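**Q** A predicted structure for the sequence below; I have some questions about it.
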Amino acid sequence: MKIIAIGRNYAEHAKELNNPVPTTPVIFLKPDTAVLKDNKPFYLPDFSDDVHYELEVVLKICKEGKHIAEKFAANYYDEVGLGIDFTARDIQAKHKEKGLPWELAKAFDNSAPISIFLPKSDFEDLYNVNFELKVNGESRQVGHTKDLLFSFEKIISFVSQYITLKKGDLIFTGTPQGVGKTNRGDKLEAWLEGKQLLNFDVK
C-alpha cells in the first residue's frame with residue numbers, strides 16, 4: 001500500500017505557514033514504513049529539532065482505479081479515519097528554500113500514525129464532519145470538512161490521473177490550522193465527530 005498526502009488543503013493552514021493557497025491539489029507520498037498503528041508511541045527522530053503534528057482525515061481506498069471521473073470517485077473509498085502527518089519542519093524549510101522535494105521531512109519511519117477506520121455509512125454527511133486534536137488535554141487543532149479546498153472526490157479523481165489507486169491505499173486529505181511542535185512526553189488525542197480514534201504518547 002501507499003500513502004498519498006494532500007498539502008495545503010485548508011486555506012487557513014496554508015496562510016499560517018505563509019504558503020500560497022493552491023489552485024490544484026499539492027501531492028506528496030509517504031511509504032508504508034511511515035505507518036504507525038494501534039496507538040503505539042511515536043519516537044521523535046534524532047535528525048530533527050522541530051517535528052510538527054498535523055491532524056488529517058484519512059480515506060481508505062477500497063478498489064483499484066485510474067483516470068477516475070470525479071462523479072464516480074465516491075465509489076473508490078468506503079472507510080474514513082484519522083492520521084497524523086508528522087513533519088520535520090526544520091528539514092522541510094531547508095528543502096523548500098532550495099526547491100527540493102519534501103520526502104526527508106515527511107516520509108520518515110512512523111511519521112504517519114493512523115487510527116482505526118469507520119465505515120463511510122456511519123456519517124450522514126462527510127462534508128459536515130468535525131475533527132479535533134488535543135495535546136496534553138489542550139485543544140490544538142479543530143477542523144471541519146466543509147472547509148476543504150478540494151473535496152475527497154476531487155482529490156481521488158486528480159490523483160488517479162497520474163497514479164493508479166489500489167485497494168488499501170490511504171489518502172491523507174490535508175490539515176487545518178493550528179499545527180505546532182511536538183515534544184517528548186506529549187500525549188496526543190484525536191476525535192472524529194466526537195469519537196476518540198487516536199490516543200498515544202510521544203517519546
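**A** Alright, I've got the coordinates.

**Q** Next up, phi/psi of residue 146, please.
**A** phi -70, psi -20 (degrees, to the nearest 10).

**Q** Could you check the pLDDT of it?
**A** pLDDT for residue 146: 95.

**Q** wait, residue 3 sits on residue 29?
**A** Yes. At 6.5 Å, residue 3 counts as touching residue 29 under the criterion of Cβ atoms under 8 Å. Glycine gets a C-beta too; all of them are placed from N, C-alpha and C.

**Q** Could I get the buried residue list for stretch 119-132?
**A** By neighbour count on 16 or more other Cβ atoms under 10 Å, the buried set for stretch 119-132 is 120, 126, 129, 131, 132.

**Q** List just the nearest of those to residue 109.
**A** Closest approach to residue 109 among these (Cβ to Cβ): residue 131, at 24.8 Å.

**Q** Roughly how far does the closest one sit from residue 37?
**A** 19 Å (Cβ to Cβ, to the nearest Å).

**Q** swap in residue 99?
**A** Distance of residue 99 to residue 37, computed by Cβ to Cβ: 34 Å.

**Q** of the two, who's got more company?
**A** residue 37 (11 against 6; other Cβ atoms under 10 Å).

**Q** Apart from its chain neighbours, what residue comes closest to that one?
**A** Sequence neighbours aside, residue 114 is the residue nearest to residue 37 in space, at 6.2 Å (criterion: Cβ to Cβ, 6 or more residues apart in numbering).

**Q** who has more neighbours, residue 3 and residue 29?
**A** More crowded of residue 3 and residue 29, by other Cβ under 10 Å: residue 3, with 23 against 15.

**Q** Can you tell me who the more buried one pairs with across the strands?
**A** Beta-bridge pairing for residue 3 (DSSP bridges): residue 30, residue 170.

**Q** Can you check the pLDDT for it?
**A** 98.

**Q** Return the residues in contact with it.
**A** Going by Cβ atoms under 8 Å, 6 or more residues apart in numbering, residue 3 touches 29, 30, 31, 32, 34, 35, 112, 169, 170, 171, 172.

**Q** what separates the second one from residue 138, distance-wise?
**A** Relative to residue 138, residue 30 is positioned 27 Å away (Cβ to Cβ).

**Q** Ok, the last one next?
**A** In this structure, residue 172 lies at 23 Å from residue 138, with Cβ to Cβ as the measure.

**Q** tally of neighbours for residue 70?
**A** By the criterion of other Cβ under 10 Å, residue 70 has 15 neighbours.

**Q** Sounds good, over and out.
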